[in-house]
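Chemist: With the sequence up front, the predicted model follows.
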Amino acid sequence: MEKEIFLSVDGLSKSYGSTRVVDQVSFSVFRGEVFGLLGPNGAGKTTTISMLCGLLKADAGNVAYGGISISAHYRQVKGMIGLCPQDIVIWEKLTCSEQLKFAGMSYGLAPKEAGKRAGCLLEALGLTDKKNKLAGTLSGGMQRRLNIALALVHDPDLIILDEPQAGLDPQSRVLVRDFIRQLAAQQKSVLLTTHDMDEADRLSNRVAIIDHGKILQIDTPERLKEKSGKGDILQVRLSGIPAGQTDKLLEAFPPVFTEKKLVDGLLLLGASHVVEHIPIVNQTLKAFRIQMEDMTIRKRTLEDAFISMTGRGLRE
Amino acid sequence: MKLIAAAIKSWKENIRDWKVLVMVLFFSPFFLLIMYLFYGGEPTTYHIGVLNLDGGKPATELVEMIQEKKGQNGENIFNFSPITELPELEAQVKEKTIDIGMVIPSDYSKIHADAISKKAIVPSEVHFYGSMNNLRYPVAAVMAADEVNKQGIAAVQITLPALITETFLEKQLPLNEFDGYVPGLLALAILMILFTASASIVKENDKKTLIRLKLSRLGAVHFLTAIGMVQAVIAVGALVLSYWTALGLGYSPAGNFGPVLLIGIISSLSMVSVSLVVASFLNTVFDVLTVGCFPFFILMFFSGAMFPLPKLNMLSILGHPLGLTDILPLTHTVNAFNKILNYGAGFYEIRFEVFMMVVLTLIYFFAGLVLYQKRKLSKA
């Protein structure tokens, strides 16, 4: 069965003065899909999200929800979007229940329906006990869960979650992760931005990597990992590397290693069936009289793909 | 339904943010109490210090006349203090311990006697000491001069070609200084919602919850109308509390509470409109409580709520001259309260003030709405 595109983003651009913050961004999100938008700080994620929600006017491009253009029918589209911003945005002087009910009614839900939705969401996000507590008195983790609930109270078709798991304890992370999966199972589209590559890997059906306002890659996490190199990665912590020998050392490893890096005393070697090549590593290091402190083998992660595409340089 | 939801939300937030609410509700009653303690709710009296350098009978009689001068209800006009040295008299004028210092010269009784016996005289010079910074001095000087003239006229037995009579337009007399402050302080009760109304609007921006409102189907008009409704209730609450406080302190209004309430409701809406303009330029609640004081003081001082201001007329509408201060809705609130409370005006007599307030409320509301949408709700 062919998947139905719900969100369609086409050639979205935005500049501030001479700086192009978002540059010809295009992607689609299917119904029932969790779509990860990954990028370093300042990559243009938040600006893109703001334009998707209609909070910011795009200089060029189009955004359509279920085929309805946001620029032409913003009021109609509003109810289809649920945004959970990165900051905790709650009404501190209202109880959890009150603010969910108010948020629901502000989207035009009847009081009874809004109350019912509030109750369901509080239960789903483990906040039923706190329904009559003022939001300002909740712990940070609870406020973050309430932040998510507020994005969902009007039952939107697309939920945009901007760093939803930042500041959550492990139990809450699991709860939120399961909740996001449930949303996708209910044929809701989820657009997720996060710096947590592991979380993006676990949750996303597809991932877009954005940097300097441009989409670099869109694919499934598995294929993105594959694209960053074949096989697993051997990590070797070294000591006593002779000065000026770094390049020579890397050149000494045979071409079977498709990826060779030495960063801050950590040697990274990527290869298919990397275990079989450990003796070569030992011999090479011995030849250079370099001490090996420890050695680990790990699978390729989304972070490898992310770093290989966006580089190691600090942003902002 | 959205409007009701927004109004309930705003109401709950205001109630739970009780410190600001208490300040708004009790500021004006507190001021009324302070004013009452200052002026005692007693009829106005003027402090006079007299340095009598003449021991003669006419001089002594003049001092007695000053001491016994009565107001319309038989109350003493002057609070008399004898003074023995000129420097002391000057010092007391400077310190405003007395409103006026009067020096009766040493030749007063002699020249008085000469005048009675129809001798040619050079008038004795009774000297008044006062400060133009003291607004009470001119009235005290007129009152004291009146007594000096009375004694002189009686001595030389002449009849002046004109007599002065007075009619006070207030329905109830006597008005004391506390009574004079009540209309302005009732207006102050309404002005105070400038803080809660602005804070209610700005808070959404401060706490970033404005983003949720922007994404919702709650329009700016719904949101701001809901805040306006709640603030109107708070303003009327503050007005009623202040009114009761004034009554409790012995204030006796000439008019009914109905017109006061009508003016209170319209004024509170006008203050919400002004708050909307103010809130459009502010980002945080801290800004409201600091920068927001600027429009607050402009309204407080230039509306005439605290003291009367000279009117600089610029144009005329429906036969009413309008000046620069008439662009402030609170000016018309103060005028209407004065008319109702001092002169017993009813709904009909305050129709011009009501008209002006409604017009100004609409102008400020739409200006505020445009500004707020442009500055806070627009897509950059």
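Modeler: The structure has been received and is ready for your questions.
Chemist: How far away from the center of its chain is the longest helix belonging to chain B?
Modeler: In chain B, assigned by DSSP state H, the helix with the most residues is helix B:220-248. Relative to its chain's centre, helix B:220-248 lies at 20 Å (CA atoms, centre = their mean, to the nearest Å).
Chemist: Does anything pack onto that helix? Which helices or strands?
Modeler: Contact partners of helix B:220-248 among helices and strands, from 3 or more CB pairs under 8 Å, 6 or more residues apart in numbering or on different chains; DSSP states H and E: helix B:2-16, helix B:18-39, helix B:177-191, helix B:193-206, helix B:257-280, helix B:351-372. From N, CA and C alone the C-beta is placed, and that goes for glycine too.
Chemist: One more pass at 10 Å, please.
Modeler: Counting contacts by 3 or more CB pairs under 10 Å, 6 or more residues apart in numbering or on different chains; DSSP states H and E, helix B:220-248 packs against helix B:2-16, helix B:18-39, helix B:177-191, helix B:193-206, helix B:210-215, helix B:257-280, helix B:329-343, helix B:351-372.
Chemist: Please identify the buried residues of it?
Modeler: B:220, B:222-243, B:245-246 (16 or more other CB atoms under 10 Å in any protein chain shown).
Chemist: low-confidence ranges in chain B?
Modeler: Along chain B, the model assigns pLDDT under 70 to residues B:40-42, B:170-175, B:310-312, B:379-380.
Chemist: Alongside chain A, which residues does it contribute?
Modeler: B:1-6, B:8-10, B:12-17, B:203-204, B:207-219, B:222-223, B:377-380 (CB under 10 Å from any CB of the partner chain).
Chemist: still on that earlier bit, could you redo the helices and strands packed on helix B:220-248 as JSON lines and give each row mean neighbour count and distance to A:A110?
Modeler: Shown next, in JSON lines, are these (neighbours: other CB atoms under 10 Å in any protein chain shown; distance: least, CB to CB, whole Å):
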{"stretch": "helix B:2-16", "mean neighbour count": "19", "distance to A:A110": "10"}
{"stretch": "helix B:18-39", "mean neighbour count": "17", "distance to A:A110": "30"}
{"stretch": "helix B:177-191", "mean neighbour count": "26", "distance to A:A110": "36"}
{"stretch": "helix B:193-206", "mean neighbour count": "26", "distance to A:A110": "24"}
{"stretch": "helix B:210-215", "mean neighbour count": "20", "distance to A:A110": "19"}
{"stretch": "helix B:257-280", "mean neighbour count": "24", "distance to A:A110": "28"}
{"stretch": "helix B:329-343", "mean neighbour count": "25", "distance to A:A110": "38"}
{"stretch": "helix B:351-372", "mean neighbour count": "18", "distance to A:A110": "28"}
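Chemist: Export those helices as a markdown table, with columns for distance to B:F80.
Modeler: Output for those, formatted as a markdown table (distance: least, CB to CB, whole Å):
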| stretch | distance to B:F80 |
| --- | --- |
| helix B:2-16 | 52 |
| helix B:18-39 | 19 |
| helix B:177-191 | 19 |
| helix B:193-206 | 44 |
| helix B:210-215 | 64 |
| helix B:257-280 | 39 |
| helix B:329-343 | 29 |
| helix B:351-372 | 42 |
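Chemist: burial count for B:T44?
Modeler: 17 (other CB atoms under 10 Å in any protein chain shown).
Chemist: Tell me if it really is in a helix.
Modeler: No: per DSSP: H, G, I helix; E, B strand; the rest coil, B:T44 lies outside any helix segment and is coil.
Chemist: got the contact list for the residue of the stretch 51-200 of chain B found nearest chain A?
Modeler: Residue of the stretch 51-200 of chain B nearest chain A, by CB to the nearest CB: B:S200 (10.9 Å). By CB atoms under 10 Å, 6 or more residues apart in numbering or on different chains, the residues touching B:S200 are B:9-10, B:13-14, B:17, B:20, B:193, B:223-224, B:226-228, B:230-231, B:234, B:272, B:275, B:279, B:285, B:288.
Chemist: what do you get if the cut-off is 6 Å, keeping everything else the same?
Modeler: Contacts of B:S200 were listed using CB atoms under 6 Å, 6 or more residues apart in numbering or on different chains, and they are B:10, B:227.
Chemist: any idea how far it lies from B:A6?
Modeler: For B:S200, the distance to B:A6 equals 10 Å [CB to CB, to the nearest Å].
Chemist: Kindly report the same for B:F302.
Modeler: Going from B:F302 to B:A6 by CB to CB gives 33 Å.
Chemist: next one: B:F307
Modeler: For B:F307, the distance to B:A6 - CB to CB - is 39 Å.
Chemist: Likewise for B:H222?
Modeler: 6 Å.
Chemist: try A:L125
Modeler: A:L125 is 24 Å from B:A6, by CB to CB.
Chemist: residues contacting the residue nearest to B:G237 when sequence neighbours are not counted?
Modeler: With sequence-adjacent residues excluded and distances taken as CB to CB, 6 or more residues apart in numbering or on different chains, B:G237 is closest to B:L25, at 6.0 Å. Residues near B:L25 by CB under 6 Å, 6+ apart: B:237-238, B:241.
Chemist: Near chain B, which residues of chain A are found?
Modeler: Within reach of chain B by CB under 6 Å from any CB of the partner chain, chain A has these residues: A:56-57, A:78, A:83, A:87, A:89, A:91, A:93, A:102, A:105-108.
Chemist: at 8 Å instead, please
Modeler: Applying CB under 8 Å from any CB of the partner chain, one finds that chain A approaches chain B through A:53-57, A:75, A:78-79, A:81, A:83, A:85, A:87, A:89-94, A:98-99, A:101-103, A:105-108, A:110-111, A:134, A:150, A:154.
Chemist: Filter those residues down to the ones in helices?
Modeler: A:53, A:75, A:78, A:98-99, A:101-103, A:105-106, A:111, A:150.
Chemist: OK, contacts around residue 205?
Modeler: Answering for chain A, as no chain was given. By CB atoms under 8 Å, 6 or more residues apart in numbering or on different chains, A:N205 lies in contact with A:30, A:33-35, A:184, A:220.
Chemist: you looked at the wrong chain, it should be chain B
Modeler: Contacts of B:N205 by CB under 8 Å, 6+ apart are B:283-284, B:376.
Chemist: Separate out the buried members of the residues of chain A next to chain B.
Modeler: Members of these classed as buried by 16+ other CB under 10 Å are A:53-56, A:78-79, A:81, A:83, A:85, A:89-94, A:98-99, A:101-103, A:105-108, A:134, A:150, A:154.
Chemist: Could you tell me whether B:V142 really is in a strand?
Modeler: No: the assignment for B:V142 (three-state DSSP) gives helix, which keeps it out of a strand.
Chemist: list the buried ones in the longest helix along chain A?
Modeler: The residue-count maximum for a helix in chain A (DSSP H) belongs to helix A:170-185. For helix A:170-185, a neighbour-count test (16+ other CB under 10 Å) marks A:172-173, A:175-177, A:179-180, A:183-184 as buried.
Chemist: ok so, going back, and the contacts of B:N205, which is closest to A:S189?
Modeler: B:K376 (29.5 Å; CB to CB).
Chemist: Next up, the contacts around the nearest residue to B:N14 once chain neighbours are set aside.
Modeler: The shortest distance from B:N14 to any non-neighbouring residue, by CB to CB, 6+ apart, is to B:L21 (5.7 Å). By CB under 8 Å, 6+ apart, the contact list for B:L21 reads B:14-15, B:196, B:234.
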